[in-house]
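> from the sequence below, what's the structure:
(one chain, ligands or ions: 1)
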Amino acid sequence: MSDSEELGIMVMGGYARATFSMAKTGAVYFTLHNQNASEVTLTAVDVDASIASDAQIHTTEMQGDVMKMREMTEGVTVAPDAMVDFKPGGYHIMLLGLTKGLTEGSDIALTLTFDKQRKVHVVLPVKKDENVGHHHHH
Ligand SMILES: [Cu+2]
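The predicted model follows:
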């Protein structure tokens, strides 16, 4: 994607997790690779209103035995020449207010905003999540 190459930010291996048809929330995962000599911060994510009403940057934390999600209102910073994984059990993009379930084989378009101004557009496939063997709701 030319706009992300220009910014030196690669969005790799991204996908949205397929949901059941009545689901109201979904999760998106990817790896951010910052190829710049200075840090960048993912500060916001936007999703088309035809897919979901809101997209938030979340992290997952253990509180005792319970997995809790928290919104990263300050964003997620990627150090120079470093990568950060968004993956099950950690950082993820939470889609809220899905208009319909996310169907395997479809695509979703997201706009990632870095440092409150630089935008990267990505189109990610919807896939079944094979990495997660458990069925916890979070
Ligand atoms: Cu979440």
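> rest of the way, CA atoms for contacts and neighbours
OK.
> after the helix or strand harbouring residue 58, next one along is what?
Residue 58 is located in strand 52-63, with elements delineated by DSSP states H and E. On the C-terminal side of strand 52-63, the closest following helix or strand by DSSP H and E is strand 66-71.
> okay, the angle between that next one and strand 52-63?
In this structure, strand 66-71 runs at an angle of 130 degrees to strand 52-63, with axes from the mean of the first three to the mean of the last three Cα atoms, to 10 degrees as the basis.
> what is the rounded mean pLDDT of strand 66-71?
On average, the pLDDT along strand 66-71 is 94.
> and if you look at stretch 23-43?
In this model, stretch 23-43 has a mean pLDDT of 97.
> so does that stretch get close to the ion?
No: contact of stretch 23-43 with the ion is not found when judged by Cα under 5 Å from the ion; the minimum separation is 6.7 Å.
> what about that stretch, start to end distance?
Distance between the two ends of stretch 23-43: 26 Å, counting by Cα to Cα, to the nearest Å.
> distance between the strand holding residue 58 and the chain's centre?
Relative to the centre of its chain, strand 52-63 is centred 9 Å away, using Cα atoms, centre = their mean, to the nearest Å.
> stretch 14-21 now?
Distance of stretch 14-21 from its chain centroid, counting by Cα atoms, centre = their mean, is 11 Å.
> begin at 12 from now on, thanks
With 12 as the first residue, the last one maps to stretch 25-32.
> is the ion within reach of it?
No: contact of stretch 25-32 with the ion is not found when judged by Cα under 5 Å from the ion; the minimum separation is 12.1 Å.
> using PDB, write down the CA coordinates of the strand holding residue 69.
Coordinates of the C-alpha atoms in strand 63-74 are reproduced here as PDB (Å, rounded to 0.1, in the frame of the first residue of the first chain):
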ATOM      1  CA  ALA A  63     -19.800  -1.000  12.700                       C
ATOM      2  CA  SER A  64     -20.600   2.100  14.600                       C
ATOM      3  CA  ASP A  65     -17.200   2.400  16.400                       C
ATOM      4  CA  ALA A  66     -13.700   1.100  16.500                       C
ATOM      5  CA  GLN A  67     -11.500   1.300  19.600                       C
ATOM      6  CA  ILE A  68      -8.000   0.400  20.400                       C
ATOM      7  CA  HIS A  69      -8.100  -2.100  23.300                       C
ATOM      8  CA  THR A  70      -5.600  -4.100  25.400                       C
ATOM      9  CA  THR A  71      -6.400  -7.300  27.300                       C
ATOM     10  CA  GLU A  72      -5.200  -7.600  30.900                       C
ATOM     11  CA  MET A  73      -5.500 -10.300  33.500                       C
ATOM     12  CA  GLN A  74      -7.200  -9.100  36.700                       C
END
